[in-house]
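> Quick one, what's the 3D model for this:
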Amino acid sequence: MVHPARAARQVDVLRKTRPVDFYKQKAWEADSRAQRCEEEKARLEDEQGGPGGLRGLRAAGLLNERLGVAVKDITEYVKTRPRAALALEQAWSSRAGGHDKGRVAVELELRNPGTKPWTLAGAVLRGAKGEELTPLAEGNPVSILPGAPGRIMVEFEATTMQAQGAYTLTLWDADGRSIILENVTFP
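This is a model prediction of the structure:
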């Protein structure tokens, strides 16, 4: 019999080993995911074709001594349809460019009253005559957490002539939850 003070503790750890094929499959999945990310990054860089921000607008010919970026607070004019997935808190519209080419954008501050995150999956801007503008590619998907505010900005190619009148903006997520904003106007 050994005295408890002189005894050494021993812990045996038993685990199931996984076959080599399991680790090969995981490595292959990680490599293919990295390859897709690299391809997407290259595609986005090619699409952008230059710097972003105001320098990008200048390089694209949408900003010069006569053309600027006009911004308008449209919060009081915009109406949301009932049963919207998100609550509108603030809304701004902006326009850059001229008669031959240009861009418009709608920036929204929204609150998610739901119980699960809302991630932007798609958007469309529809005019009074039924014309549709699809958004430019977004770099990172925007998510709004439950009970939290979040900002979403969608950008469209539109000349000064196309950006006249009231539009309806529809945003949706992968689950089909949407918010429809009517009477969106641009400066």
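> So which residues of the chain form helices?
Counting by DSSP state H, one finds helices in the chain at the ranges 20-48, 53-59.
> So for Asn183, which of those helices sits nearest?
Nearest to Asn183, of all these, is helix 53-59, at 26.3 Å by C-beta to C-beta. Bear in mind the C-beta positions are built from the backbone N, C-alpha and C, glycine included.
> Once you drop chain neighbours, what's closest to Asp73?
Distance criterion C-beta to C-beta, 6 or more residues apart in numbering; nearest residue to Asp73, sequence neighbours excluded, is Trp92 at 5.6 Å.
> I figured Arg151 hits Arg111, correct?
No - using C-beta atoms under 8 Å as the test, Arg151 is too far from Arg111 to be in contact (10.9 Å).
> check contacts around the residue nearest to Asp73.
71-75, 106-108 (C-beta atoms under 8 Å, 6 or more residues apart in numbering).
> Kindly recompute the last result at 7 Å.
Contacts for Trp92 (C-beta atoms under 7 Å, 6 or more residues apart in numbering) come out as 71-74, 107.
> For those residues, pick the one with the most neighbours.
In terms of neighbours by other C-beta atoms under 10 Å, these top out with Ile74 at 20 neighbours.
> What is the burial count for Lys41?
When neighbours are defined as other C-beta under 10 Å, Lys41 has 11 of them.
> And it, what's its pLDDT?
At Lys41, the model reports a pLDDT of 80.
> go on, Lys79?
pLDDT for Lys79: 91.
> wait, isn't it in contact with Asn183?
Yes - assessed by C-beta atoms under 7 Å, Lys79 is found in contact with Asn183 at 5.7 Å.
> This structure: strands as residue ranges?
Per DSSP state E, the chain carries strands over the ranges 69-73, 79-80, 87-97, 102-111, 118-127, 132-133, 143-144, 149-157, 167-173, 178-184.
> can I get these in CSV with distance to His3?
Output for the strands of the chain, formatted as CSV (distance: least, C-beta to C-beta, whole Å):
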stretch, distance to His3
strand 69-73, 81
strand 79-80, 77
strand 87-97, 70
strand 102-111, 67
strand 118-127, 63
strand 132-133, 84
strand 143-144, 61
strand 149-157, 65
strand 167-173, 67
strand 178-184, 73
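> Got the domain ranges for this protein?
The record assigns the chain these domain ranges, following automatic domain parsing: 18-49, 62-184.
> So which of those domains is the most surrounded?
Most buried of the domains of the chain by mean neighbour count (mean count of other C-beta atoms under 10 Å) is domain 62-184; its value is a mean of 16.
> Ala105 is in contact with Glu157, isn't it?
No - the pair Ala105 / Glu157 is not scored as a contact, 10.6 Å apart, by C-beta under 7 Å.
> sorry, back to before: got the contacts of Trp92 as JSON lines, with distance to Ala123 and pLDDT columns?
Converted to JSON lines, the contacts of Trp92 look like this (distance: C-beta to C-beta, whole Å; pLDDT from 0 to 100):
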{"residue": "Val71", "distance to Ala123": "19", "pLDDT": "85"}
{"residue": "Lys72", "distance to Ala123": "19", "pLDDT": "87"}
{"residue": "Asp73", "distance to Ala123": "20", "pLDDT": "90"}
{"residue": "Ile74", "distance to Ala123": "16", "pLDDT": "90"}
{"residue": "Glu107", "distance to Ala123": "12", "pLDDT": "90"}
